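Novice: heads up, no residue letters with this:
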């Protein structure tokens, strides 16, 4: 096993995301600059993915994915949470490169997003135990949510 890195230049000045994971490949580096063009403006059907990472800027940016790209990342039944480590372990380096490069090109402002359809966690492996095993928002433990969430989630399972 060797390490693979995905490096993405963010539109927030000179900040840089870097993710490293153990994969059964020789090496993989993906570099993509985010330009801010909206897939919805291009007439594509999209789902919005919020990136939760440990970056000091704490922007938790939102990117747009086509239905096909979204379904490659979030494979479970009604899954709306995923760890980047799991996605990278599940697909080939070429698929990961292709999907992520396209998504990083579709940055969208929070105020322009029409909902968040999925959350992609970077560098959150230590918090895996805190998320539902199903990786579905509606499956949070009852003790972790309030009464309003319990009612809503129960009606959406």
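Specialist: It's in. Computed from a predicted structure; not experimentally measured.
Novice: From here on, just use CA atoms for contacts and neighbour counts.
Specialist: OK.
Novice: where does this protein have low pLDDT?
Specialist: By pLDDT under 70, the low-scoring segments of the chain are 1-45.
Novice: So which residue is smack in the middle of it?
Specialist: When CA atoms, centre = their mean is applied to the chain, the residue found nearest the centroid is residue 120 (2.4 Å).
Novice: Look up how far residue 132 lies from that residue.
Specialist: Distance from residue 120 to residue 132, counting by CA to CA, to the nearest Å: 14 Å.
Novice: Tell me what residue 65 is bridged to.
Specialist: residue 47 (DSSP bridges).
Novice: Contact partners for it?
Specialist: Counting by CA atoms under 8 Å, 6 or more residues apart in numbering, residue 65 touches 39, 46-49, 102-103, 106.
Novice: Show me the strands in the protein, by range?
Specialist: 2-9, 16-23, 29-33, 46-52, 62-66, 81-83, 107-108, 118-121 (DSSP state E).
Novice: what comes into contact with the last one?
Specialist: The list of residues contacting strand 118-121 from outside it, by CA under 8 Å, 6+ apart, reads 47-53, 74, 79-84.
Novice: Make a markdown table out of the contacts of residue 65 and add neighbour count.
Specialist: Putting these into a markdown table (neighbours: other CA atoms under 10 Å) gives the following:
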| residue | neighbour count |
| --- | --- |
| 39 | 20 |
| 46 | 20 |
| 47 | 23 |
| 48 | 24 |
| 49 | 25 |
| 102 | 18 |
| 103 | 21 |
| 106 | 22 |
